[in-house]
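Colleague: just the structure for this:
(2 chains)
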Amino acid sequence: MRIEKCYFCSAPVYPGHGMAFVRNDCKVFQFCRSKCHKNFKKKRNPRKTRWTKAFRKASGKELTVDNSLEFEKRRNIPLKYNRELWSKTVEAMKKVEAIKQKRQSRFIVNRLKKGKELEKAADISEIKKNIHLIKAPHAGQAKQLEDKMVQKLAEDVEMDE
Amino acid sequence: MTLVWCVCSKQVSMALSLSGLILPKLTQQRAFSVSAAVAAIQKLTRVRVVDNSSLGNAHHHRPPKVIHVYTKNGVGKVGDRVLLAIKGQKKKALIVGQKMPGARMTPRFDSNNVVLIEDNGNPTGTRIKAPIPTHLRKMEGEYSKLIAIAQRLV
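Modeller: Residues are numbered from 1 along each chain as shown, chains lettered A, B, ... in the order given. Just a heads-up that it's a prediction; the model follows:
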């Protein structure tokens, strides 16, 4: 029993789910649900279909090169059963999964940081352009004039002294 | 107005699908043909012989056709025996792959595959290169010799 990967969306296919298709060149395609199967029959390229993992990895939206992802690769060499190895592997799997999730989220957060800077710059420029909606053009002029007059009077008083 | 338009486009797409062509969305401009619903193997279906027997691989101007299906109803699924007409002679064969989707945990193949068989059930060829479904093992019947000469199991 093995948890396959859907050919189209790269989701895990558990036993009892999905469909398998064997092409005449002996290549086997597993699908997780009929959505993926139908898209495949429509000859859509998973690397161009935006909601698939293949697209996200190909366009750099998700973590592609990482040590924690090496554990997911398929090994075709069978190992002799060893109870210690088995239980240690299960524990290691949990830790590796936790590390992988953290690294993947960190990658996405770093990718989206640029967006925050751009957003801030856009907000500032928007306010500068539309400042007339917030503040009238002659809003502080009266106060400025008053301050100037007060300053001038103070200087005159000093000069007189 | 919009309701009428929706109905119209459905009829148009139905008409196109009946004629064998469905227009893809504007985002992916590739014309392709979509086949009608596939059925299981019955009389007069053309099949593909996948073993390395000389009779199966000899080129004839006509593809091998099923002329009799050895089941209670005339429908042949994977694991059923059929009678083929190849090169002007009658030969028994066993269905090892069908285009129609079958039981849930069984694969669907791209063509209706068949392996030539003698009257006693022994395969005629010595090797089968095409993938053979593994659920043949559990099926009732003698498929062990077929599985033994199969090179790839799916």
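
Colleague: use CA for all of it now, contacts and neighbours both
Modeller: Fine.

Colleague: tell me who's in contact with the closest residue to B:Ile67 other than its chain neighbours.
Modeller: On the basis of Cα to Cα, 6 or more residues apart in numbering or on different chains, the spatially nearest residue to B:Ile67 that is not a chain neighbour turns out to be B:Lys43, at 5.0 Å. Residues near B:Lys43 by Cα atoms under 8 Å, 6 or more residues apart in numbering or on different chains: B:Lys65, B:Val66, B:Ile67, B:His68, B:Val69, B:Gly74.

Colleague: per-residue confidence at B:Lys43?
Modeller: Looking at B:Lys43, its pLDDT is 95.

Colleague: ok but it is inside a strand, no?
Modeller: No - assessed with DSSP: H, G, I helix; E, B strand; the rest coil, B:Lys43 is coil; it does not lie in a strand.

Colleague: what's the burial count for B:Arg137?
Modeller: Here the count is done by other Cα atoms under 10 Å in any protein chain shown, and B:Arg137 has 14 residues near it.

Colleague: pretty sure it sits against B:Ser144.
Modeller: Yes - contact criterion Cα atoms under 8 Å: B:Arg137 and B:Ser144 qualify, at 7.0 Å.

Colleague: so which residues on chain B come close to chain A?
Modeller: B:Arg104, B:Met105, B:Thr106, B:Pro107, B:Arg108, B:Phe109, B:Asp110, B:Ser111, B:Ala130, B:Pro131, B:Val154 (Cα under 8 Å from any Cα of the partner chain).

Colleague: could you find the closest non-adjacent residue to the spatially most central residue of chain B?
Modeller: Ranked by distance to the mean C-alpha position of chain B (Cα atoms, centre = their mean), the top residue is B:Asn112 at 1.7 Å. Taking Cα to Cα, 6+ apart, and ignoring the residues beside it in sequence, B:Asn112 has B:Gln98 as its nearest neighbour in space, at 4.3 Å.

Colleague: what's the spacing between the one you found and B:Val78?
Modeller: Relative to B:Val78, B:Gln98 is positioned 7 Å away (Cα to Cα, to the nearest Å).

Colleague: can you show me the helices along chain A?
Modeller: Ranges of helices in chain A, per DSSP state H, are A:34-41, A:53-58, A:83-129, A:131-134, A:141-160.

Colleague: of all these, which one comes closest to chain B?
Modeller: Closest of those to chain B is helix A:34-41, at 8.7 Å (criterion: Cα to the nearest Cα).

Colleague: residues in contact with A:Arg33?
Modeller: Contact criterion Cα under 8 Å, 6+ apart gives A:His17, A:Gly18, A:Met19 as the residues in contact with A:Arg33.

Colleague: which residues in chain B form strands?
Modeller: Shown for chain B, the strands assigned by DSSP state E span residues B:48-49, B:65-69, B:81-86, B:89-97, B:108-109, B:113-117.

Colleague: can I get the ones you listed in CSV with mean pLDDT and mean neighbour count?
Modeller: Formatted as CSV, the strands of chain B follow (pLDDT from 0 to 100; neighbours: other Cα atoms under 10 Å in any protein chain shown):
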stretch, mean pLDDT, mean neighbour count
strand B:48-49, 94, 21
strand B:65-69, 96, 20
strand B:81-86, 95, 22
strand B:89-97, 95, 22
strand B:108-109, 94, 23
strand B:113-117, 95, 24
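
Colleague: JSON lines please, covering these and showing distance to A:Asn67.
Modeller: Output for the strands of chain B, formatted as JSON lines (distance: least, Cα to Cα, whole Å):
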{"stretch": "strand B:48-49", "distance to A:Asn67": "46"}
{"stretch": "strand B:65-69", "distance to A:Asn67": "54"}
{"stretch": "strand B:81-86", "distance to A:Asn67": "52"}
{"stretch": "strand B:89-97", "distance to A:Asn67": "41"}
{"stretch": "strand B:108-109", "distance to A:Asn67": "36"}
{"stretch": "strand B:113-117", "distance to A:Asn67": "43"}
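
Colleague: still on that earlier bit, quick one, which of the contacts of A:Arg33 are buried?
Modeller: Neighbour counting with 16 or more other Cα atoms under 10 Å in any protein chain shown marks A:Gly18, A:Met19 as buried within these.

Colleague: can you narrow the contacts of A:Arg33 to ones near chain B?
Modeller: With Cα under 8 Å from any Cα as the criterion, the members of the contacts of A:Arg33 in contact with chain B are A:Met19.

Colleague: out of the contacts of A:Arg33, which is nearest to chain B?
Modeller: Among the contacts of A:Arg33, A:Met19 lies closest to chain B (Cα to the nearest Cα), at 6.8 Å.
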